[in-house]
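Participant: What follows is a predicted structure for the sequence shown.
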Amino acid sequence: MKNTDRKKIALLSSRNPKSEAVSKELWNKLKDANFIMTPKNPDIVISIGGDGMLLSAFHKYENILDKVRFVGVHTGHLGFYTDYRNFEIDELVENLKLDTGAKVSYPILNVKIRMIDGRVVTARALNEATIKRLSKTMVADIHINGVPFERFRGDGIAVSTPTGSTAYNKSLGGAVLHPTIEALQIAEVASLNNRVYRTLGSSIVVPKKDKIIIDPQHDDRYSIAIDNRTFVYDNIEQIDYQIDNHKINFVATPRHTSFWNRVKDAFIGEVE
Ligand code: NAD
């Protein structure tokens with residue numbers, strides 16, 4: 001095999017002895033199988049840990065999404081973004097040797113946080129972006145595709161991707177969306193609903209073409225959680241949400257099971 005044909009693989013592991021041991025073993029097996037092991041400009045990124053580790057791997061390589069494909073190895077039970085368990089790494093190595101470059105792609109979220117002074121902070125999320133006001137009830141106007149839809153009062157609002165629909169969104173009562181549906185979902189976090197204040201009260205699935213804007217009504221401190229990281233901002237003018245122009249790509253190995261199998265496995269288990 002020519003050096004230029006050899007695939008570059010990066011390994012990222014969570015900091016616990018089990019994951020680190022799996023990472024070391026996998027690193028040696030992939031090196032023996034003639035892969036180039038490097039964190040720089042990889043073709044394939046393998047995360048070892050859980051879904052949280054895959055989220056971290058996504059953010060580490062979010063600027064080269066078009067070039068890179070991900071594989072998740074779980075050291076506990078099978079997760080949402082993880083196809084292999086720690087005792088299946090020989091199968092993973094064999095599948096990577098046969099890899100033809102095939103991928104499975106899912107939409108991600110683009111968030112633009114617009115500040116009062118005109119600055120714009122852009123972020124990408126694989127699961128969701130959740131805004132909350134730190135001190136008091138959050139009051140925010142929600143616009144969907146140019147329509148001033150509702151004035152929200154409550155703890156906060158989560159906007160999720162289809163693959164994120166099974167994460168925080170599901171705990172908030174949102175629907176589970178198949179990831180081939182290119183849509184975002186708005187879910188309320190503890191909205192106030194009484195004779196004075198009114199929101200729709202159910203989660204809303206918004207198609208790709210429609211932009212979502214959240215316009216907080218108080219100059220105050222807000223936390224914005226992007227997947228597994230939380231940022232705090234003052235002076236937010238508004239936040240724009242849209243499906244990103246890029247997608248996350250996973251290696252389409254034979255172990256990349258169907259979405260419905262994952263949902264069943266995670267939430268229902270075997271039915272007698
Ligand atoms: P964590 O360690 O608290 O993990 C949260 C759980 O969410 C884990 O069991 C993980 O496997 C699961 N998870 C992550 N992504 C998922 C997905 N797409 N579908 C189904 N389950 C998924 O936190 P973390 O590992 O740092 O992950 C951050 C994520 O946790 C956030 O993106 C958010 O979706 C989720 N979260 C959920 C709640 C909740 O359900 N009440 C609250 C906060 C955060």
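Facilitator: Done, it's in. Numbering: from 1, shown residues only.
Participant: Within range of the ligand, give me the residues from the stretch 151-272 of the chain.
Facilitator: 163, 164, 166, 167, 168, 171, 227, 228 (C-beta under 6 Å from any ligand atom). C-beta here means a position set from N, CA and C on the backbone, and glycine is covered the same way.
Participant: Give me the buried entries from the residues you listed.
Facilitator: Buried by 16 or more other C-beta atoms under 10 Å: 163, 164, 166, 167, 168, 227, out of those.
Participant: So which residues on the stretch 1-150 of the chain come close to the ligand?
Facilitator: 50, 51, 52, 55, 79, 80, 127, 128.
Participant: Out of these, the closest to residue 192 would be?
Facilitator: residue 128 (21.5 Å; C-beta to C-beta).
Participant: Need the pLDDT of the closest residue to that closest one other than its chain neighbours.
Facilitator: Of all residues not flanking residue 128 in the chain, residue 160 sits nearest, at 3.9 Å (C-beta to C-beta, 6 or more residues apart in numbering). According to the per-residue confidence, residue 160 scores 98 in pLDDT.
Participant: which residues does residue 160 bridge with?
Facilitator: residue 128, residue 185 (DSSP bridges).
Participant: Helix or strand: which one has residue 250?
Facilitator: strand 236-251 (DSSP states H and E).
Participant: and that strand, what does it pack onto?
Facilitator: With contacts defined as 3 or more C-beta pairs under 8 Å, 6 or more residues apart in numbering; DSSP states H and E, the packing partners of strand 236-251 are strand 69-74, strand 103-115, strand 128-133, strand 183-191, strand 212-216.
Participant: which parts of the last one are buried?
Facilitator: In other words, strand 212-216. Under 16+ other C-beta under 10 Å, the buried positions of strand 212-216 are 212, 213, 214, 215, 216.
Participant: Run through the residues that contact the residue lying closest to residue 221 once chain neighbours are set aside.
Facilitator: In this structure, residue 221 finds its nearest non-sequential neighbour in residue 134, 4.4 Å apart by C-beta to C-beta, 6+ apart. Counting by C-beta atoms under 8 Å, 6 or more residues apart in numbering, residue 134 touches 220, 221, 222, 223, 232.
Participant: Quick check, central residue of the chain?
Facilitator: residue 126 (1.9 Å; C-alpha atoms, centre = their mean).
Participant: Could I get the contacting residues of that one?
Facilitator: Counting by C-beta under 8 Å, 6+ apart, residue 126 has contacts 54, 55, 58, 59, 81, 108, 109, 161, 163, 164, 227, 248.
Participant: now residue 206: how far from residue 183?
Facilitator: Distance of residue 206 to residue 183, computed by C-beta to C-beta, to the nearest Å: 6 Å.
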